[in-house]
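Colleague: What shape does this take:
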Amino acid sequence: MTAPETARFWRSPALPGVDLLRARYVTHRFSRHVHDGYAIGVILSGVEEFDYRGVRHRAGGGSLVLVDPEQVHTGHAGEPGGWAYQMLYPSVEVIAGIAAELLAGRGTPYFPEAVVSHPHGAALLRAAHDAAEHGDDLASSTLARVAFGVLLQHHAGRRPAGTAPSAGHHAVRRAREILHERLIDPPTLEDLAQAVDAGPFVLIRAFKSATGLPPHAYLNTLRVRRARSLLDSGMPAARVATEVGFTDQAHLTRHFKRIVGVPPAAYQRAGTYKTGPEKRT
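Modeller: Numbering: from 1, shown residues only. Below is the predicted model of the structure:
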């Protein structure tokens, strides 16, 4: 038997624009998904494996994980005992503001390497996370800013100049707009392709090339983002499910946990999600 899985996802008033997660996962698997901000964290024990930018990465104890905004990735245990980690999810605005103070030049910072070793940066992130958990607002806000600054100075780059838009660029942009507008009653693939004047297979290829996800998976990501906003407002999960287009609360819970890491109820109460002991197979 293994120890139970446990996860807590919450926000601290001292860290506006930053979500926090402390978790231990064994069998949980994150589906392919994206964050609208950065995902920055430290592995406490075990090994996490994740697919990112066409490569499978392994992050062991003490490693730092650095994932850029809107970049598709997964997440699962890299060994039978699972992994434990502390994650911070700063918004683009938070990181851009720090980068503007510390780094010369313009543009949004990005992290070329997804897994790095930086003991000082890891210690700062852990200290910031621990301080937030204990309600030490001054310490958490100070340490988080210093930690992000250290990582930017040592591991961040600037995105290269963009290339000319591809032939499918405008079709994908319009398709994304339609999916944003029609969370509850999305069109079929054929109708979506017709609306953007593209063939269905052409649209699938262009959409996945641009976003990393096929249209239906992208739609579920949008639904989960909207669900988080509604849960934050206090709306019951059962109603949230219908408001964002899921068939029922179980459907919402399944997709929500695969992307956020905790079920909607645990997210809403900012409490700890815990499973029972699991048998090894």
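
Colleague: All the strands of the stretch 101-250 of the chain, in order from the start?
Modeller: 109-110, 115-116, 157-158 (DSSP state E, counting those that start in this stretch).

Colleague: Comparing the ones you listed, which stretch has the densest surroundings?
Modeller: Highest mean neighbour count of the strands of the stretch 101-250 of the chain: strand 109-110, a mean of 20 (counted as mean count of other Cβ atoms under 10 Å). Glycine gets a C-beta too; all of them are placed from N, C-alpha and C.

Colleague: For that one, enumerate the helices and strands it packs against.
Modeller: helix 92-102, strand 157-158 (3 or more Cβ pairs under 8 Å, 6 or more residues apart in numbering; DSSP states H and E).

Colleague: The last one packs against which elements?
Modeller: By that I understand strand 157-158. Packing partners of strand 157-158 (3+ Cβ pairs under 8 Å, 6+ apart): strand 109-110.

Colleague: Name every strand pairing with the strand it packs on and say which way it goes.
Modeller: Strand pairing for strand 109-110, using DSSP bridges, gives strand 157-158 (antiparallel).

Colleague: contacts for the strand it pairs with?
Modeller: For strand 157-158, contacts defined as Cβ atoms under 8 Å, 6 or more residues apart in numbering pick out 103, 105, 107, 109-112.

Colleague: change it to 7 Å
Modeller: Outside strand 157-158, the residues within contact range by Cβ atoms under 7 Å, 6 or more residues apart in numbering are 105, 107, 109-110, 112.

Colleague: so how far is it from its chain's centroid?
Modeller: On the basis of Cα atoms, centre = their mean, to the nearest Å, strand 157-158 is displaced by 20 Å from the centre of the chain it belongs to.

Colleague: now do stretch 131-143
Modeller: Worked out by Cα atoms, centre = their mean, stretch 131-143 lies 22 Å from the chain centre.

Colleague: what do you get for stretch 182-197?
Modeller: On Cα atoms, centre = their mean, the centre of stretch 182-197 falls 26 Å from the chain's centre.
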